[in-house]
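Peer 1: here is a sequence together with a model predicted from it:
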Amino acid sequence: MAAQIWGSEKRARRRREISAKIAQMPELHDSKPLPFMTREEKIMESARKLTILTEKMGQIIDPTDPAELYHLNNEVLGLEGNPMALHGVMFIPALSAQASDEQQAKWLPRALRREIIGTYAQTELGHGTNLQNLETTATYDLATQEFVLHTPQITALKWWPGNLGKSSNYAVVVAHMIIKAKNYGPHPFMVQLRDEKTHEPLPGITIGDIGPKMAYNIVDNGFLGFNKYRIPRTNLLMRHTKVEADGTYIKPPHAKINYSAMVHVRAYMLTGQAIMLASALNIATRYSSVRRQGQIDKSQPEVKVLEYQTQQHRLFPSIARAYAFQFAGAETVKLYEHVLKEMKSGNVSLMADLHALTSGLKSVVTYQTGEGIEQARMACGGHGYSMASYISEIYGVAIGGCTYEGENMVMLLQLARYLVKSAALVKSGQSSKLGPLVAYLGVKSEPTSLIDRIPNSGFTEYVKTFQHVSKRQTLKAADMFFGLMEKGEKREIAWNKCSVELNRASRLHTRLFIVEAFVRRVNEIADIRIKEALTDLLHLHVNYELLDIASYALEDGFLSASQLDYIRDQVYLYLGKIRPNAVSLLDSWEFSDIELRSVLGRRDGNVYENLFKWAKSSPLNKTDVLSSVTQYLKPMMEKARL
Ligand SMILES: CCCCC/C=C\C/C=C\C/C=C\C/C=C\C/C=C\CCC(=O)SCCNC(=O)CCNC(=O)[C@H](O)C(C)(C)COP(=O)(O)OP(=O)(O)OC[C@H]1O[C@@H](n2cnc3c(N)ncnc32)[C@H](O)[C@@H]1OP(=O)(O)O
Ligand SMILES: Cc1cc2nc3c(=O)[nH]c(=O)nc-3n(C[C@H](O)[C@H](O)[C@H](O)COP(=O)(O)OP(=O)(O)OC[C@H]3O[C@@H](n4cnc5c(N)ncnc54)[C@H](O)[C@@H]3O)c2cc1C
C-alpha cells in the first residue's frame, strides 16, 4: 500500500531508509516538543537543524530528488515551516521557469548551494488577489539601464511573502513594469534585499516580519518597501519577456506565463495537503482504536470509540479523500511537469487547461482537507484540543492553503471561466472542440441514473452520475450568465450575479476529476489484496461524495429517493467493511513518530503514559508555585481573606 501511496516500491523503500537514518541522528530531532517553545526558540531550533541538514543532506537523501527533499523536510523541519521554506517552494521554481539560461547560470547554482536565500514577493498590503492592481513599480531608466523599484504608498508594501521578513537576502519581486511611461503590467525581477556579508537591509529597503499568525510561525512572513531602489535591467527575469537596453519590450508567448510559479505550487500542494490530512487522521484513528468510552452492548465491556458508527462516519470518508487527493495530486504533478517542459520550448497551448484544473483542485482539496482535519481533532475529544495531539497545528498550516496561492473562491471563479467557455462550445454545437477534461460536457446523458440497477458495473454508473450533475450545473450557471447578458447586463455585473452558481459548477467539476483519478488508479492496480482494500475505500468515496451533492441530482430526477436510500446504505456497508483496515490504511502512509510530532498518535499506542509524561515536561511544571501566583494571585487571595 505504501508503494501505491508514494508512487512506487522504490519511493516507499527510500522513505523508510530516510526515516531510519534520521532516527539515528539525534542532532536532527526537535530538542524539546515544539508546542513548549516560544516563536523565537522555534525559529532558532529550525535554523539549527537546517544548517546541519545542509552539511549532511547528501548522506541522507539524493538532494536532486524533490520527493526525497520533501520527506526530509517533513521529518526534520516539520510543517510549521523553516527559514528556507519559500526558497525551495517558490524562489527556485520561479528562477527555473522564468529566468533565461544566462540568468539561471548566474543565480541558480548559488541558490542551490544555499549561498543565498530567496523568496517570492508578490502580495501587497492592499492587494493579493488582483495582481493587475499591485502598486509596486519598476520604472525603466534608459540613461542608466536600470529599473527603479518603488513603493508609492503604504498599501504598496509587499506583505505576506514567506521568509521575507528576516531570513531571505534575495527575492523574486513582482512589480508593474513601466517603460517610457507605458505600464506593461506585473513582471518578476530578481532583487537583492540584504548585504551578503552583514545581512543588513540594503539602503532603500525597508523590511521586517509581519508578526505571529494562526500557525506556520517558524516562517517569517514579511513586509518590504522600496525607496527608489535601483537594479540592473538584466534583473528582469527574461526567459519569456525581454527588455532591450533601448527600452524595447518583447512580449511573452502567453500573457500569463509569468504566473507559472503560482501554478507550480498549486500543482504540488495537493499531495502536501493529502499528507497533512492523512497525518491528522492517522493520529485520530490510532487514538480511536485505543480510547475506550461507553458500551454498545451493555453486557459487554467498554468499546474502542472507533466501533461507533458516528466515529467511523467522521473519519473514514476523509481517509478516502486523503487517498483520492494523493492520487489526483500525483496526476496533476505529472501534467504540470509536462506542461512546463512544453512551455520551456515555447508551446503554451496547455497552460489554460492546467490553470483551470489546478485552480479547482487547489480550492476543493484545501477546503475538504481543512474539514477532515478539524473532524479528526474533534474525534479525539478533549485530548484532540491539547497541543499534545498536534492536530491543531496541522489544521492551522493546512487551512492556510485555502488562502495562499490564490484565495479559494477566486480560484474557483478562474475555473468557472474555463467551464463557461466550454459550455458556450457545447451550446454552439462545437463539442468536438472541447478539451479532454471537459469532453463529458458534450456527451448526452441518460435520463436517470442506473446506479442501483446494473450490478457489477464497476464505478461507471457513479462516474456518469457525477458527470451528469457537473454538466447540468455548468450549463445551468452558464445559461444564467448568458441570459443576464442577453437582458443587457454588463458582462462583469452578470458574472458577479452568477458567481455562487458558477463556483458550484467548479466544485462539482473538480469533485468529478478527483473521483475519476481515484477510479483510474484503482483500475491500474495489479496486487489483488491492495486492489480489494482500495476498492472498498473507493466505494465509500463515491457513495459518500454523491450523498454530499445529492441535491443536484434530485433536482431533475436523475436520482430517485430510493436510489438515495441505496447510496446511503452503501455508505454504512462500507464503513463497516473498512473498520478492520482503518488503522492500517493510515499506517500505510508510514509517518514516523518524529514526523507526526503527536503524543496522542504515536505508533506504540501508550496514549495515557505518553500524555502524562508530556504534561509533566511542561515548563509550567518546573516549579510548584508560579511567580504569577506569588506576585498577583496569592496577594489577591490574602487581601480577600482579611
Ligand atoms: C516536491 C516539491 C514539494 C513542493 C511542495 C509545495 C507545497 C507544499 C505543500 C504544503 C506546504 C505547506 C505550507 C506551504 C506554505 C506556504 C505557501 C507557499 C507559497 C504561497 C505563496 C503565495 O501565496 S504567492 C502569491 C499567490 N498569489 C496568488 O495566487 C494571486 C491570485 N491571483 C491570480 O492568480 C490572478 O490575479 C488571477 C488569476 C485571479 C487573475 O489574474 P488577471 O491577470 O487579472 O487575469 P484575468 O483578467 O482574471 O484573466 C485573464 C485570462 O488569463 C487566464 N489566466 C490567469 N492565470 C493564468 C495562469 N496561471 N495560467 C494560464 N492562464 C491564466 C484567465 O483564466 C483568463 O483567461 P480567459 O480570459 O481565457 O478566461
Ligand atoms: C500562510 C500564507 C503564506 C503566504 N505566502 C505568500 C508568499 O510567499 N508570497 C506572496 O506573495 N504572498 C503570500 N501570501 C499571500 C496570499 O497569496 C494572499 O493572501 C492570497 O493570494 C489572497 O489574497 P488577499 O489576501 O488579497 O485576499 P483578498 O483578495 O483580499 O480576499 C478577501 C476576500 O475577498 C474575496 N475576493 C477577492 N477578490 C475577489 C473576486 N475577484 N471575486 C470574488 N471574491 C473576491 C475573497 O474570496 C475573500 O473572501 C501568503 C498568505 C498566507 C496566508
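Peer 2: Nice, I can see it. Residues are numbered from 1 along each chain as shown. Ligands and ions are numbered 1, 2, ... in the order given.

Peer 1: all strands of the stretch 101-250 of the chain, in order?
Peer 2: 118-121, 137-141, 146-150, 158-159, 170-179, 182-192, 205-209, 222-226, 229-232, 242-243, 249-250 (DSSP state E, counting those that start in this stretch).

Peer 1: strands paired with the first one, and their directions?
Peer 2: Applying DSSP bridges, strand 118-121 is found paired with strand 170-179 (parallel).

Peer 1: give me the phi and psi for residue 308.
Peer 2: phi -70, psi 130 (degrees, to the nearest 10).

Peer 1: which ones are touching it?
Peer 2: Residue 308 makes contact with residue 296 under the criterion CB atoms under 8 Å, 6 or more residues apart in numbering. The way it works is simple: take the backbone N, C-alpha and C, and place the C-beta from them, glycine included.

Peer 1: quick check: pLDDT value at whichever residue of the stretch 451-600 of the chain sits closest to ligand 2.
Peer 2: Closest residue of the stretch 451-600 of the chain to ligand 2, CB to the nearest ligand atom: residue 499 (6.4 Å). On the pLDDT scale, residue 499 is placed at 98.

Peer 1: would it count as being in a strand?
Peer 2: No. Assessed with DSSP: H, G, I helix; E, B strand; the rest coil, residue 499 is helix; it does not lie in a strand.

Peer 1: residue numbering should commence at 270 henceforth.
Peer 2: From this message on, residue numbering opens at 270, which makes the last subject residue 768.

Peer 1: and it, how many neighbours?
Peer 2: Counted with other CB atoms under 10 Å, the neighbours of residue 768 add up to 16.

Peer 1: again with residue 544
Peer 2: Residues lying near residue 544 (other CB under 10 Å) number 25.

Peer 1: spatially nearest residue to whichever residue of the stretch 270-419 of the chain sits closest to ligand 2 (excluding sequence neighbours)?
Peer 2: Nearest to ligand 2, among the residues of the stretch 270-419 of the chain, is residue 397, at 2.4 Å (CB to the nearest ligand atom). Of all residues not flanking residue 397 in the chain, residue 429 sits nearest, at 6.9 Å (CB to CB, 6 or more residues apart in numbering).

Peer 1: quick one, phi/psi of the one you found?
Peer 2: phi 110, psi -30.

Peer 1: show me the contacts for it.
Peer 2: Shown in contact with residue 429 (CB under 8 Å, 6+ apart): 392, 397, 479, 490, 491, 673.

Peer 1: quick check, central residue of the protein?
Peer 2: The centre of the chain sits closest to residue 538, judged by CA atoms, centre = their mean, with a distance of 3.7 Å.

Peer 1: so who does it touch?
Peer 2: Applying CB under 8 Å, 6+ apart to residue 538 gives the contacts 631, 634, 635, 670, 674.

Peer 1: apply 7 Å and report the result again.
Peer 2: When contacts are counted by CB atoms under 7 Å, 6 or more residues apart in numbering, residue 538 touches 631, 670, 674.

Peer 1: check residue 720 too.
Peer 2: Per CB under 7 Å, 6+ apart, neighbours of residue 720: 730, 731, 734, 832, 835.

Peer 1: ok, which residues in the chain are in contact with ligand 1?
Peer 2: Contacts of the chain with ligand 1, taken as CB under 6 Å from any ligand atom, map to 335-336, 339, 358-359, 389, 391-392, 397-401, 431, 525, 528, 531-532, 534, 537-538, 541, 620-621, 624, 666, 673-675, 679, 683, 686.

Peer 1: rewinding a little: which one of the strands of the stretch 370-519 of the chain is the most hemmed in?
Peer 2: strand 387-390 (a mean of 30; mean count of other CB atoms under 10 Å).

Peer 1: quick check, that strand touching ligand 2?
Peer 2: Yes. Using CB under 6 Å from any ligand atom, strand 387-390 reaches ligand 2 at 389, 390.

Peer 1: is residue 347 in contact with residue 866, as I believe?
Peer 2: Yes. With contact defined as CB atoms under 7 Å, residue 347 and residue 866 form a contacting pair (6.1 Å).

Peer 1: which of those two has more neighbours?
Peer 2: Neighbour count, other CB under 10 Å: between residue 347 and residue 866, residue 866 has more, with 27 against 23.

Peer 1: would you mark the buried spots in stretch 325-343?
Peer 2: Neighbour-count burial for stretch 325-343, with 16 or more other CB atoms under 10 Å as criterion, is recorded at 326, 329, 330, 336, 337, 338, 339, 340, 341, 342, 343.

Peer 1: which one of those residues is nearest ligand 1?
Peer 2: Lowest distance from ligand 1 to the buried residues of stretch 325-343 (CB to the nearest ligand atom) belongs to residue 339, with 4.1 Å.

Peer 1: now do the same contact list for that closest one.
Peer 2: Taking CB under 7 Å, 6+ apart, we find residue 339 in contact with no residue.

Peer 1: and what of residue 728?
Peer 2: Shown in contact with residue 728 (CB under 7 Å, 6+ apart): 788, 807, 811.

Peer 1: let's see it at 10 Å
Peer 2: 735, 784, 785, 787, 788, 791, 792, 804, 807, 808, 810, 811 (CB atoms under 10 Å, 6 or more residues apart in numbering).

Peer 1: do I have it right that the first one meets residue 815?
Peer 2: Yes. Contact between residue 735 and residue 815 holds when scored by CB atoms under 10 Å: they sit 7.2 Å apart.

Peer 1: next, show the common contact partners of those two.
Peer 2: Residues touching both residue 735 and residue 815 by CB under 10 Å, 6+ apart: 780, 784, 821, 822.

Peer 1: quick one, what contacts residue 369?
Peer 2: Counting by CB under 10 Å, 6+ apart, residue 369 makes contact with 375, 503, 505, 506, 507, 508, 509, 510, 511.

Peer 1: and the residues you listed, which is closest to ligand 2?
Peer 2: Nearest to ligand 2 among the contacts of residue 369 is residue 506, at 15.1 Å by CB to the nearest ligand atom.

Peer 1: for the closest one, phi and psi?
Peer 2: Dihedral angles (degrees, to the nearest 10) for residue 506: phi -70, psi 120.

Peer 1: ignoring the adjacent residues along the chain, who's closest to it?
Peer 2: Using CB to CB, 6+ apart, the closest residue to residue 506 is residue 367 (4.1 Å).

Peer 1: show me where the stretch 520-669 of the chain has its helices.
Peer 2: Ranges of helices within the stretch 520-669 of the chain are 529-557, 578-613, 620-648, 650-654, 660-668, based on DSSP state H, counting those that start in this stretch.
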